[in-house]
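Asks: got a sequence here, can you model it:
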Amino acid sequence: MKKSLALLVLLVLVMGLAASAQIKFKDVPDNHWAAPAVYDLVKLGITKGYPDGTFRGTQQITRYETAVFLQKMANSIDKKIVSREEIQRMIKAGGVSSGPVGTGAPLSALIYARYQKGLSNSTIINNFDITRAYLTLQGSISDNASGKVILDSTRGGSTGMLETFLKCAYVDLNNVLEKGIIPGTTVNARIGLQPTYWSGWVDGYLGLRVVAASLQSDRGLLTTADFGVGLLGSLDLIGFKTNYVVTGLNGTGFTAAETNSAKDVGIKLDSEVMPGLTVGVGAHAANIDQNGTGSKQANLLVGYKADNYKTYLEALYGLGGLGISVAGLYDVTDVVGLFGRVDQWDPNRSVSDDQTTNLWAGVTYDWNSNVMLVGDLMSSTVGTGNASLVGTLRTQISL
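Replies: Numbers count the residues shown, from 1 in each chain. Now for the predicted structure:
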């Protein structure tokens with residue numbers, strides 16, 4: 001019971017960006033939705049943030065930090081410094097519900113805007129645009145079920161208008177196997193219009209989805225959401241806690257006709273194999289139907305996170321192509337960062353001089369915890385052609 005309560009409060013710590021009368025974190029506003037929960041933890045001596053005066057609410061927590069936090073939480077419960085009723089109050093204040101979906105405020109929004117200018121060999125004219133806008137509604141349905149709905153607005157279609165469509169709408173059934181078939185295994189089920197096995201995971205590694213998504217998503221090799229069923233959770237694999245996602249989806253995108261019988265089966269495994277070092281592998285077979293086994297692809301991600309920098313390598317092979325992406329982000333100060341990324345994609349391994357090479361270099365500035373400004377240059381070369389160069393100013397706004 002103590003462990004379950006501590007883990008629930010841990011979700012509040014990971015998601016919180018808050019302000020307090022005792023400690024004022026430099027990187028959070030006073031009106032954040034998780035402020036009451038986070039600053040109650042500060043008052044209880046369970047967390048003090050980082051030595052530089054930041055809370056870093058969107059940063060992933062390491063195993064060492066988790067151990068320290070849980071120890072302090074358990075000691076507080078044992079010494080009756082904090083009651084179970086107090087824990088429940090903090091959880092409710094943080095807007096957290098149990099299960100895979102419960103990782104944020106019940107209603108939130110994310111907006112990407114940019115101004116582009118073609119600098120050389122580019123067909124891009126000067127323009128300002130809202131490139132993407134997401135509206136997310138999530139919450140608990142019952143003690144063991146939660147739901148999520150995402151509306152997505154993007155520029156597209158024949159009219160070029162900003163169009164809004166249903167991106168995701170699914171239900172998570174948590175702990176469908178309470179004990180797990182294998183000791184240490186958790187099993188949750190997901191039903192509905194849901195993310196595919198690889199989408200979102202790489203996109204969020206550097207927190208720079210406003211610049212570019214994963215290589216898989218950018219190249220349109222797999223729709224980022226589709227109808228179907230999934231299993232997700234964690235297991236103990238040769239001594240490492242391993243997260244897994246297994247999906248069986250429609251396989252041709254959620255805009256395909258319902259008469260299309262093709263399916264897509266995918267799997268992803270990822271684990272922190274040593275402090276800060278994450279390794280993930282994935283594979284999927286697309287367009288499986290009665291006439292064949294479909295097209296296959298394999299994915300790899302190796303990433304490392306330290307206190308002031310993050311870096312990763314993503315590779316994919318299959319569907320006729322071969323691609324690799326290397327990216328990194330270095331925090332110069334608490335609010336300023338430098339990033340770079342190199343992508344190389346060969347869409348057809350049997351054809352020469354058709355590869356595309358993209359390079360990004362830029363600066364990030366955290367205006368506050370909800371607004372990030374980005375300035376970057378992007379060079380793109382196709383085959384042996386001349387490189388084009390585009391300059392972009394971007395804004396990412398969280399509501």
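Asks: tell me how many other residues crowd residue 215.
Replies: 25 (other CB atoms under 10 Å). C-beta here means a position set from N, CA and C on the backbone, and glycine is covered the same way.
Asks: doesn't residue 74 lie inside a helix?
Replies: Yes: using DSSP: H, G, I helix; E, B strand; the rest coil, the assignment for residue 74 is a helix.
Asks: how many neighbours does it have?
Replies: 14.
Asks: all the helices of the protein, residue numbers only.
Replies: 2-15, 35-43, 63-78, 84-93, 215-218 (DSSP state H).
Asks: nearest residue to residue 165 other than its sequence neighbours?
Replies: residue 152 (5.9 Å; CB to CB, 6 or more residues apart in numbering).
Asks: who's in contact with the one you found?
Replies: Neighbouring residues of residue 152 by CB atoms under 8 Å, 6 or more residues apart in numbering: 132-134, 164-167.
Asks: now distance to residue 111, pLDDT and neighbour count too, for those residues, in a markdown table please.
Replies: Output for those, formatted as a markdown table (distance: CB to CB, whole Å; pLDDT from 0 to 100; neighbours: other CB atoms under 10 Å):
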| residue | distance to residue 111 | pLDDT | neighbour count |
| --- | --- | --- | --- |
| 132 | 7 | 90 | 18 |
| 133 | 5 | 93 | 18 |
| 134 | 8 | 93 | 17 |
| 164 | 13 | 86 | 12 |
| 165 | 16 | 88 | 13 |
| 166 | 18 | 90 | 12 |
| 167 | 14 | 90 | 20 |
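Asks: what about residue 163, neighbour count?
Replies: Count around residue 163 with other CB under 10 Å applied: 12.
Asks: if you could redo that for residue 131, that was the one I meant.
Replies: 17.
Asks: test my guess that it contacts residue 153.
Replies: No: applying CB atoms under 8 Å, one finds residue 131 not in contact with residue 153, separated by 9.6 Å.
Asks: hey, where'd the strands end up in the stretch 51-200 of the chain?
Replies: Remark: strands assigned in the stretch 51-200 of the chain by DSSP state E, counting those that start in this stretch are 107-120, 127-142, 145-155, 162-173, 186-195.
Asks: dump the fourth one to PDB, keeping only the CA atoms.
Replies: By that I understand strand 162-173. Only the C-alpha atoms of strand 162-173 are listed here, as PDB (Å, rounded to 0.1, in the frame of the first residue of the first chain):
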ATOM      1  CA  LEU A 162      -5.900  24.700 -41.100                       C
ATOM      2  CA  GLU A 163      -8.000  21.600 -40.700                       C
ATOM      3  CA  THR A 164      -9.000  19.900 -37.400                       C
ATOM      4  CA  PHE A 165      -9.500  16.200 -37.100                       C
ATOM      5  CA  LEU A 166      -9.600  13.500 -34.400                       C
ATOM      6  CA  LYS A 167      -6.000  12.400 -33.800                       C
ATOM      7  CA  CYS A 168      -6.600  10.000 -30.900                       C
ATOM      8  CA  ALA A 169      -9.500   8.600 -28.900                       C
ATOM      9  CA  TYR A 170      -8.900   5.600 -26.800                       C
ATOM     10  CA  VAL A 171      -9.500   3.900 -23.500                       C
ATOM     11  CA  ASP A 172      -6.800   2.400 -21.300                       C
ATOM     12  CA  LEU A 173      -7.800  -0.600 -19.100                       C
END
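Asks: what angle do it and strand 127-142 make?
Replies: 20 degrees (axes from the mean of the first three to the mean of the last three CA atoms, to 10 degrees).
Asks: can you list the neighbours in contact with strand 162-173?
Replies: Contacts of strand 162-173 (CB under 8 Å, 6+ apart): 99-101, 130, 133-134, 141, 144-157, 188-195, 224-225, 254.
Asks: so what's the residue lying closest to residue 345 once chain neighbours are set aside scoring on pLDDT?
Replies: Closest residue to residue 345 apart from its sequence neighbours, by CB to CB, 6+ apart: residue 323 at 4.2 Å. On pLDDT, residue 323 comes in at 92.
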